[in-house]
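> for reference, the sequence and a predicted model appear below.
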Amino acid sequence: MLRLFVALDFPADVRDRLAGLGGGVPGARWTEADNLHLTLRFIGEVPGDAAADVDAALSEVEAPGFPLVLDGVGVFGSGRNARVLWAGVERSDALAHLQAKVESAVVRAGLPAEERRFSPHVTLARLKDAPKDRIGRFLEDRGLFRAGPFPIDHFTLYRSHLGKGAAVYEALREYPLKS
């Protein structure tokens with residue numbers, strides 16, 4: 001079984017800026033700089049033949065490249081139920097178009113449609129019992145974060161290896177976007 005997802009990765013300087021936002025929140029497990037990405041579609045565990053079908057369907061996706069801007073920070077959940085600190089993404093029709101094409105390809109490959117609405121973000125940290133006031137301070141101190149625009153010229157199929165520490169992401173294939 002392979003644990004897969006489709007994502008956009010960022011230039012090294014953007015990953016470094018995102019990683020630089022980390023700190024100051026007890027109970028936060030910060031995402032390593034190399035693992036920072038924007039998920040277009042989480043696929044989950046699939047057998048190898050299904051992974052080949054997903055790869056074939058993704059290779060047929062045609063969409064233009066586009067500039068992307070990261071904008072602001074936020075949190076999923078609230079109070080004691082705060083689960084994730086994230087960096088936001090400026091609204092982009094081109095991003096929404098690409099995500100819809102990727103979703104369509106995954107469904108064409110025989111996997112069920114995603115039930116959740118696409119909410120583009122970059123996971124900065126996962127939270128466990130983080131103090132509400134420290135989360136609030138994090139959001140206040142970093143609320144004006146902005147990076148980009150930077151060019152998006154491909155998307156990537158990743159395999160996620162879970163273990164004792166942080167997940168290890170292995171890029172299986174990059175799919176170019178039209179210039």
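Perfect, I can see it now. Numbers count the residues shown, from 1 in each chain.

> so for Leu162, what's the pLDDT?
Note on Leu162: pLDDT of 87.

> for it, give me its contacts.
Residues in contact with Leu162, defined by CB atoms under 8 Å, 6 or more residues apart in numbering, are Arg3. Backbone N, C-alpha and C define where each C-beta goes, glycine included.

> ditto for Val14
Val14 makes contacts with Leu70, Ala147, Gly148, Phe150, as judged by CB under 8 Å, 6+ apart.

> 7 Å instead?
For Val14, the contact set (CB atoms under 7 Å, 6 or more residues apart in numbering) comprises Ala147, Phe150.

> that one belongs to a strand?
No - using DSSP: H, G, I helix; E, B strand; the rest coil, the secondary structure at Val14 is helix, not a strand.

> that one and Gly163, how far apart?
According to CB to CB, to the nearest Å, Val14 stands 26 Å off from Gly163.

> immediately after the longest helix along the chain, which helix or strand?
Longest helix of the chain, by residue count under DSSP state H: helix 93-108. As assigned by DSSP states H and E, the chain's next helix or strand after helix 93-108 is strand 121-127.

> where do the helices of this protein begin and end?
With DSSP H as the criterion, the chain has helices at 12-19, 48-58, 93-108, 132-142.

> ok, and for the longest one, which residues are buried?
If you call a residue buried by 16 or more other CB atoms under 10 Å, then helix 93-108 has these buried ones: Leu95, Leu98, Gln99, Lys101, Val102, Glu103, Ala105, Val106.

> right, and the fourth one touches Glu60 too?
No - with contact defined as CB atoms under 7 Å, Lys101 does not reach Glu60; the gap is 9.2 Å.

> which one is the most centrally placed residue in the chain nearest to, not counting chain neighbours?
Taking CA atoms, centre = their mean as the criterion, Leu38 is the residue nearest the geometric centre of the chain, at 2.4 Å. Closest residue to Leu38 apart from its sequence neighbours, by CB to CB, 6 or more residues apart in numbering: Leu8 at 4.4 Å.

> measure the one you found to Asp129 for me?
Shown here: Leu8 relative to Asp129, a distance of 31 Å by CB to CB.

> more neighbours: which of these two?
Leu8 (21 against 8; other CB atoms under 10 Å).

> Arg159 contacts Leu172, doesn't it?
Yes - counting by CB under 7 Å, Arg159 does reach Leu172; the two are 5.5 Å apart.
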